[in-house]
Structures are given as C-alpha cells and as structure tokens.
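Trainee: Quick one, structure for this:
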Amino acid sequence: MQALKLLTVAILLSVLTACANNQGQSNFYKASSANVQMESEIIEILLISKVRVEVDNSQNQDKATKLGAITGALLGIGIVKKNRVAGGAVGGVLGGLAGNVVGATTVVDGVSLTYKKGLKTFTAIQAGLTCQFVTGSALMVKSNKTNARIQPNSECPK
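Mentor: Presented below is the predicted three-dimensional model:
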C-alpha cells in the first residue's frame, strides 16, 4: 500500500512538472523569433477586459505521459520483487495512463484588448493578465498579416 502511494505521488509530481506553460502570452517568444525583424506600430488601447483563452497543450501532454510512464516503470520494477519485468511493464502502462490525464488543450487567463489603429477600432484576444495592460499607448508587433501581439504596457503588482 505504501508503494502505491509513492507511485501515485511520483506520477502526480511528474505530471504537474510538465504543465508549466507560457504559451499564448504576447511577451513570450521562442528562440527562433530572436534577432528577427518584425513590423511594429504604436496603438492606443481603449478598453481591457478579462477573458479565458484555450491554448494548445499537446507538448505538455506528451511530456507528462512520457514522465508518467518512466516513473511508473521504475517504481514498478522497485515494488514488484518476484517479477521485476512485469512490475516495470505494468507500472509503465499505469504511469503513462496517469500522465495522459493532462489534456491536449488548457484554459489560461487572457485579455480582450480593444484598441484604435488609425481611424479604425479593433479587438485582440491574447493570453495574459489584465494588470499587464493599461489604457493608452502600447506596442503591437506583427509577425505576419494575421498574427499581431500587443506587448504589455504595465506590470502586475508583486
């Protein structure tokens, strides 16, 4: 029974470790975006609203499944004294299933930013916190015609 508790705790820790996610935030870039020229412009934020945004979580799901399987297999080998191969196999399968509990998508805090660009008014939805934005001037970075990131123009209290 103690071994089962240890297995459960180890799998949960590996699953939770895999869940850290900055995806979708306008001020988070992958290394491939560094030193790349992107068009940008100054916009005027008019309205900020809190929303929830569904983002892709398939990479974290894959990591959690693998970590769960490895952890389960190692614990299965250590727990089952008579047949370590069978213990490792069963532990690996159970750990992989437990790790697969992490969904392919996840919901994160987001903002709806209504802004003025020239004479037109637009709305952009992106991951982030309302405290990262204030009405007024902000920088919008465009990586293509449809992908624009409004950069935070405020900091959240610590």
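
Trainee: going forward, measure contacts between C-alpha atoms and count neighbours the same way
Mentor: Will do.

Trainee: hey, what's Ser137 bridged with?
Mentor: Applying DSSP bridges to Ser137 gives these bridge partners: Glu44.

Trainee: Going forward, count from 597.
Mentor: Fine by me, first position is 597 from now on; the one you just mentioned is Ser733.

Trainee: burial of it, as a residue count?
Mentor: 15 (other C-alpha atoms under 10 Å).

Trainee: mind listing what it touches?
Mentor: 638-641, 749 (C-alpha atoms under 8 Å, 6 or more residues apart in numbering).

Trainee: How about Leu735?
Mentor: Contacts of Leu735 by C-alpha under 8 Å, 6+ apart are 636-639, 746-749.

Trainee: Just the ones of those in strands?
Mentor: Residues of the contacts of Leu735 located in strands (DSSP state E): 636-639, 746.

Trainee: Need the contacts of Leu735 in a markdown table (columns: pLDDT).
Mentor: Shown next, in a markdown table, are the contacts of Leu735 (pLDDT from 0 to 100):
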| residue | pLDDT |
| --- | --- |
| Ser636 | 89 |
| Glu637 | 92 |
| Ile638 | 94 |
| Ile639 | 95 |
| Ile746 | 93 |
| Gln747 | 93 |
| Pro748 | 94 |
| Asn749 | 94 |
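
Trainee: Most neighbours among the contacts of Ser733, which one?
Mentor: Most surrounded of the contacts of Ser733: other C-alpha under 10 Å gives Ile641, at 23 neighbours.

Trainee: related to what we said a few turns ago, and which of the contacts of Leu735 is nearest to Thr701?
Mentor: Ile746 (22.8 Å; C-alpha to C-alpha).

Trainee: Next one: Gln655 from Leu725, what distance?
Mentor: Distance of Gln655 to Leu725, given as C-alpha to C-alpha, to the nearest Å: 23 Å.

Trainee: more neighbours, those two?
Mentor: Per other C-alpha under 10 Å, whichever of Gln655 and Leu725 has more neighbours is Leu725, with 21 against 15.
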